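Visitor: model this:
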Amino acid sequence: MRSGEDAPAEAISIAVIDRVDDDLEQLGLTLEEGRELLAATQSTLVSRQAARYLGTQDYCRRCCTPLYHKDRRSIVVRTVFGKVRLESPRFWSCVCDRPRGARRQTFSPLSEHLPKRITPELEYLQIKWAAHLPYATSTTLLKEVLPVSYCISTTGAKSRIRVGGREMDTQIEREIMEIPPADVIVDAPESPGITAVSVDSAWLKHCAPPKQKFMGRQVNIVAGRATLADGSSQLVAYVGKRVANAAARLDHFLMRQGVKTDERVTVISDGAGEFTKAAQGSHLVRGRILDWFHMAMKFDAAEKSVIGAGHQLGPDRGDGIGREITHAKWLVWHRFISA
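Guide: Alright, predicted model coming up:
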């Protein structure tokens, strides 16, 4: 570890691994030893970094006068490789750093520099896995492979993913305000960077017993996928009632995928009303076409109607109409694929 660019490296002993040379039953590090080694390394590194940072904060930045030390407390920082407890001294503010006649105040440089008490890497892992798995399962998974047994919990994962979601929404709304207006072009070309944009939605209902009425607890989640020209895809999702403008969200997502203001895209979705409003209010969407699944549902409904009215149409006529519906279904499918 180095205290400066030209300072010599300082060797620190973290752990001692004892193995028998001719015994391969204990090959490499065990999972428990790996977690302990990571935790010890992280604790040593973070403690040294914090101590050297505090060594540069005990004097006034204006007049370079040494600050009076008030007391010393400790704070806990949760990292991706374990929980670290750090000594956090408090200092009295300098005379030149406060208005004349004002009372002296104390401050803690370490607490001000680490307000969230958690590293971005641990936040990222918690939010990512909690978005893919149940909260309890994702927490158990992280505890299994990382030394975070006393750092995270299921309740903390729930709170953290809510906070992360609000921060993302705030950032997106801020970026939406900075989106330049789209060019008014009648025959704007299709965006070459996106081959297809599909949107769908799903309703999540409250899991309370049927006797208990929870009005407004059903959540409508809108999800979209843009398939790019290189074959990769990007996803977007939001809760319908939680966004101020669904069309602006769609435009923001398309612009992040490289759609320019003088280009347009065509969206594939079902016939839901929320998609109609989003497509009509969007500045970058040329139009909306019905996806194959919902088109097939229309054909299935027509086929069932023919079967139900078979006794009125007669066997010959009913079979003929059924074959025409099947042929039309095949034709629409192949034209849709070729397009």
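Visitor: how about the helices in the stretch 201-339 of the chain?
Guide: Using DSSP state H, counting those that start in this stretch, the helices of the stretch 201-339 of the chain run over residues 246-256, 273-281, 292-308, 310-313, 315-338.
Visitor: in this structure, where is pLDDT below threshold?
Guide: Counting by pLDDT under 70, the chain contains low-confidence ranges at 1-9, 22, 101, 207-217, 273-274, 307-308, 310-316, 318, 333-339.
Visitor: show me how it divides into domains.
Guide: Following the assignment in automatic domain parsing, the chain carries domains at 31-114, 121-177, 194-207+216-290, 293-338.
Visitor: format those domains as JSON lines; extra columns: distance to Asp18 and mean neighbour count.
Guide: Where you see a C-beta, it was placed from the backbone N, CA and C, and this is true even at glycine. Listed next are those as JSON lines, based on distance: least, C-beta to C-beta, whole Å; neighbours: other C-beta atoms under 10 Å:
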{"stretch": "domain 31-114", "distance to Asp18": "10", "mean neighbour count": "15"}
{"stretch": "domain 121-177", "distance to Asp18": "20", "mean neighbour count": "16"}
{"stretch": "domain 194-207+216-290", "distance to Asp18": "47", "mean neighbour count": "16"}
{"stretch": "domain 293-338", "distance to Asp18": "61", "mean neighbour count": "12"}
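Visitor: turn these into JSON lines, columns for distance to Asp187.
Guide: Below are the domains of the chain laid out as JSON lines (distance: least, C-beta to C-beta, whole Å):
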{"stretch": "domain 31-114", "distance to Asp187": "52"}
{"stretch": "domain 121-177", "distance to Asp187": "27"}
{"stretch": "domain 194-207+216-290", "distance to Asp187": "9"}
{"stretch": "domain 293-338", "distance to Asp187": "23"}
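Visitor: take the helices of the stretch 201-339 of the chain and write them to a markdown table, including distance to Thr139.
Guide: As requested, those are exported to a markdown table (distance: least, C-beta to C-beta, whole Å):
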| stretch | distance to Thr139 |
| --- | --- |
| helix 246-256 | 30 |
| helix 273-281 | 34 |
| helix 292-308 | 36 |
| helix 310-313 | 57 |
| helix 315-338 | 44 |
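Visitor: and Tyr150, that one's in a helix?
Guide: No. Counting by DSSP: H, G, I helix; E, B strand; the rest coil, Tyr150 falls outside a helix, being coil.
Visitor: you'd agree it is up against Thr79?
Guide: No. The criterion here is C-beta atoms under 8 Å, and Tyr150 misses it with Thr79 at 11.7 Å.
Visitor: ok, which of the helices of the stretch 201-339 of the chain comes nearest Asp21?
Guide: Smallest distance to Asp21 across those (C-beta to C-beta): 55.5 Å, for helix 246-256.
Visitor: same for that closest one, what does it pack against?
Guide: The helices and strands touching helix 246-256, judged by 3 or more C-beta pairs under 8 Å, 6 or more residues apart in numbering; DSSP states H and E, are helix 154-177, strand 194-204, strand 219-228, strand 233-239, helix 273-281.
Visitor: residues making contact with it?
Guide: 172, 175-176, 179, 182, 191, 194, 197, 199, 222, 224, 226, 234, 236, 238, 240, 243, 265, 267, 274, 277-285 (C-beta atoms under 8 Å, 6 or more residues apart in numbering).
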